[in-house]
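> Following is a predicted model, sequence given first.
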Amino acid sequence: MELIRAKAEGPRSLGVDPATGQNVYVMNGRYGAYVQLGETPEGAGKKTKGAAAAPKPKRASLQAGMTEATVTLEEALKLLSLPRVVGLHPDDNEPIVTNFGRFGPYVKHGDEFRSLESEEDVFNISFDAALALVRAPKQSRRRQAAQKKVLRELTHEATTLKVLAGRYGPYVTDGTTNASIPKGTNPESLTYEQATELLAARRDAAPAAAKRGFARRAPKTAAGTKTKAARTTKRKAAGA
């Protein structure tokens with residue numbers, strides 16, 4: 001209902017960018033909510049015969065903890081300021097930049113990417129720390145997954161649940177079951193009771209195939225299956 005309401009209302013103005021004088025909007029697109037600097041020109045991104053496509057306005061996707069209803073002008077301007085140039089690499093004088101990507105926050109130099117531990121590092125990491133990251137050997141995704149950052153630990157009696165930063169956003173785990181934290185829920189304010197409810201719902205969820213109404217077919221038994229030889233014999237007998 002929230003998505004339907006947002007689409008019906010259209011873009012929401014957050015204010016004016018003091019640097020450019022352009023309006024800043026928040027809106028919802030095919031891949032989720034995002035902020036945009038300025039208006040969308042007619043025919044943006046579409047090529048016309050004999051003319052180049054009109055340029056699209058600058059956009060940036062909302063990050064974890066931000067929602068279309070709560071994002072502020074300050075947060076939007078920070079996102080629209082990316083990529084952030086941290087400094088120039090001393091070896092080739094090429095820029096070292098930070099940004100958000102498909103697999104989370106990263107630092108980049110040339111064609112080399114390194115993952116950052118937190119979203120705040122995109123805006124706060126120092127030049128020396130960024131340089132050390134891009135100079136360090138690249139880790140495999142498997143090793144990176146094994147070193148997921150623990151955001152919080154929720155303990156009740158002898159049980160501890162962990163809130164981790166995952167590839168597709170924060171999630172809670174008990175070591176066996178993982179449950180995504182719903183978009184718009186702040187991981188820092190998640191309670192132990194809420195975490196256990198998320199894990200219980202994840203454990204009780206039916207397999208995707210069952211939800212769609214499909215059942216796995218039972219294998220045919222030898223008694224109910226005709227062999228190729230038997231079918232061939234029957235056809236020969238009928239022809240005779």
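Everything's here; your move. Owing to the predicted nature of the structure, the values given are computational and were not obtained by experimental measurement.
> Got phi/psi on the closest residue to residue 168 other than its chain neighbours?
Nearest non-adjacent residue to residue 168, counting by C-beta to C-beta, 6 or more residues apart in numbering: residue 180, 7.2 Å away. Using the backbone N, CA and C atoms, a C-beta is placed for each residue, glycine as well. Backbone torsions of residue 180, given as degrees, to the nearest 10, read phi -70, psi 140.
> show me the contacts for residue 180.
Residues near residue 180 by C-beta atoms under 8 Å, 6 or more residues apart in numbering: 166, 168-171, 198.
> now swap in residue 201 and tell me
residue 179.
> Quick one: mean pLDDT over the host helix or strand of it.
Using DSSP states H and E, residue 201 sits within helix 192-204. The pLDDT scores in helix 192-204 average 90.
> Now that helix: buried residues?
192, 195-196, 198-199, 202 (16 or more other C-beta atoms under 10 Å).
> same question, stretch 180-191
Quick answer for stretch 180-191 (16+ other C-beta under 10 Å): 181, 185, 187, 190.
> Return the distance of it from the chain's centre.
Averaging C-alpha positions (C-alpha atoms, centre = their mean, to the nearest Å) puts stretch 180-191 15 Å from its chain's average.
> Kindly export it (C-alpha atoms) in CSV.
The C-alpha atoms that make up stretch 180-191 are tabulated as CSV, following Å, rounded to 0.1, in the frame of the first residue of the first chain:
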residue,chain,number,x,y,z
SER,A,180,16.5,-10.5,6.5
ILE,A,181,15.7,-7.3,8.5
PRO,A,182,12.7,-5.6,6.7
LYS,A,183,13.6,-2.5,4.7
GLY,A,184,12.8,0.6,6.8
THR,A,185,13.7,-1.1,10.1
ASN,A,186,16.8,0.3,11.8
PRO,A,187,19.1,-2.6,12.7
GLU,A,188,20.4,-0.5,15.7
SER,A,189,16.9,-0.4,17.3
LEU,A,190,16.0,-4.1,16.6
THR,A,191,15.1,-5.9,19.9
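> and the nearest residue to residue 178 once chain neighbours are set aside, how many neighbours?
In space, and not counting its chain neighbours, residue 178 is closest to residue 171: 5.3 Å by C-beta to C-beta, 6+ apart. Neighbour count of residue 171, defined by other C-beta atoms under 10 Å: 22.
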